[in-house]
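[1] Could you look at this predicted model? Sequence included:
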Amino acid sequence: GQQVMQIPQYQHVQEGEDFTTYCNSSTTLSNIQWYKQRPGGHPVFLIQLVKSGEVKKQKRLTFQFGEAKKNSSLHITATQTTDVGTYFCAGGNSGYALNFGKGTSLLVTP
Amino acid sequence: NAGVTQTPKFRILKIGQSMTLQCTQDMNHNYMYWYRQDPGMGLKLIYYSVGAGITDKGEVPNGYNVSRSTTEDFPLRLELAAPSQTSVYFCASSVSGSSAGELFFGEGSRLTVL
């Protein structure tokens, strides 16, 4: 079945540094979604990408969907302590449910 | 707006006991899901439902059962609890299927089986 791999598993940065997490699917996706989960919290939707090569920005966050619709990335510019949490990608296909990657846990030290 | 509400937030079970995790949503979403989250393992789909009266298995359904008698409610039943079911359980809902938009998650239910 479809698998969604996410790297790195952990990332520790100094405040102000950039951060990137990568997501790769074993199959072509119809869409990809990104979620953020704060420590002790629940996943919260960030964005959905559906088009090949799509790039979307939310303030300091930049999301990309690969040309082949099998990979995606989330880049955070100039991290802040409020960015701490685990970032999950989730791939959608013709089925009903998303397949989540294992997530990248981001720690930001001031 | 309450969104997706899960109860209980925490529960400790003994091996072999049974319990039901409750989930209700007030957004009139057709699609509902149960995920479990183990440390470092992401979210794994247990069961999902595309509407009242319709349920289907996800990736890890063994040891669990669900029902969907109304649009609002999607309870998850654990029969004969085992230590391997120690996890955080998240209920979620969406307007449509995986390609149509975001999942709204409940706050989670942390279950420990001893």
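    Yes, it's here.
[2] Quick check: residues of chain A near chain B?
    Along chain A, the residues adjacent to chain B under the rule C-beta under 8 Å from any C-beta of the partner chain are A:1, A:6, A:9, A:30-31, A:33, A:35, A:41-45, A:48, A:50, A:88, A:90, A:92-103. For the C-beta atoms, the positions are set from N, CA and C on the backbone; glycine is no exception.
[3] Roughly how far does residue B:28 sit from chain A?
    18 Å (C-beta to the nearest C-beta, to the nearest Å).
[4] Identify the residue spatially nearest to that residue, adjacent ones excluded.
    The shortest distance from residue B:28 to any non-neighbouring residue, by C-beta to C-beta, 6 or more residues apart in numbering or on different chains, is to residue B:71 (6.3 Å).
[5] Which of the helices or strands spans the one you found?
    Secondary structure here is read from DSSP states H and E; on that basis residue B:71 sits in neither a helix nor a strand.
[6] For it, which residues are in contact?
    B:28, B:29, B:30, B:51, B:52 (C-beta atoms under 8 Å, 6 or more residues apart in numbering or on different chains).
[7] Near the last one, how many residues? Count them for me, please.
    Residues near residue B:52, counting by other C-beta atoms under 10 Å in any protein chain shown, number 16.
[8] Quick check: it touching residue B:67?
    No. Taking contacts as C-beta atoms under 8 Å, residue B:52 lies outside contact range of residue B:67: 9.9 Å.
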